[in-house]
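**Student:** can't give you the sequence, but here's the structure:
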């Protein structure tokens with residue numbers, strides 16, 4: 001048996017509306033690098049794992065914009081999801 005967790009595309013649209021689409025860890029901007037091909041592209045990360053059945057309460061607190069590389073690194077550990085703050089420290093972009 002498997003369990004499939006669905007993400008609501010409406011939530012993604014609402015979260016991204018009116019924002020500059022840049023990675024919150026490294027600052028990567030798909031449109032700046034890829035032009036029209038990258039326009040509107042960014043990955044949305046759930047800080048509270050959907051697979052654990054945790055519900056979102058606040059879009060800006062519970063979601064983050066990440067480039068593909070940073071998103072992959074956050075999920076790279078088997079038993080521990082790296083936080084945005086931890087990844088910023090690892091790559092030296094923390095403030």
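**Tutor:** Structure received. In this text, all values refer to a predicted model and were calculated from it rather than measured experimentally.

**Student:** Quick check: which element contains residue 64?
**Tutor:** Using DSSP states H and E, residue 64 sits in strand 63-66.

**Student:** Give me the distance from the helix or strand just after that strand to the chain's centre.
**Tutor:** Proceeding N to C from strand 63-66, the next assigned helix or strand is helix 68-74, under DSSP H and E. Its chain's C-alpha centre and that of helix 68-74 lie 8 Å apart, by C-alpha atoms, centre = their mean, to the nearest Å.

**Student:** So which elements touch the strand or helix carrying residue 90?
**Tutor:** When elements are assigned from DSSP H and E, residue 90 belongs to helix 84-91. With contacts taken as 3 or more C-beta pairs under 8 Å, 6 or more residues apart in numbering; DSSP states H and E, helix 84-91 sits against helix 68-74. The way it works is simple: take the backbone N, C-alpha and C, and place the C-beta from them, glycine included.

**Student:** Pull the residues that contact stretch 77-95.
**Tutor:** Under the criterion C-beta atoms under 8 Å, 6 or more residues apart in numbering, residues 24-27, 45, 47, 49, 64, 66, 70, 73-76 lie in contact with stretch 77-95.

**Student:** And what about residue 11, helix, strand or coil?
**Tutor:** At residue 11 the chain is in helix, as set by DSSP: H, G, I helix; E, B strand; the rest coil.

**Student:** Now list the buried members of the contacts of stretch 77-95.
**Tutor:** The neighbour-count criterion (16 or more other C-beta atoms under 10 Å) marks 24-26, 45, 64, 66, 70, 73-74 among those as buried.

**Student:** Which neighbouring elements make contact with the strand holding residue 64?
**Tutor:** Using 3+ C-beta pairs under 8 Å, 6+ apart, the elements in contact with strand 63-66 are helix 9-16, strand 43-46.

**Student:** Can you list the buried residues in the helix holding residue 90?
**Tutor:** Within helix 84-91, the residues that count as buried by 16+ other C-beta under 10 Å are 84, 87-88.

**Student:** Need those in a markdown table (columns: distance to residue 95).
**Tutor:** Shown next, in a markdown table, are the buried residues of helix 84-91 (distance: C-beta to C-beta, whole Å):
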| residue | distance to residue 95 |
| --- | --- |
| 84 | 12 |
| 87 | 13 |
| 88 | 8 |
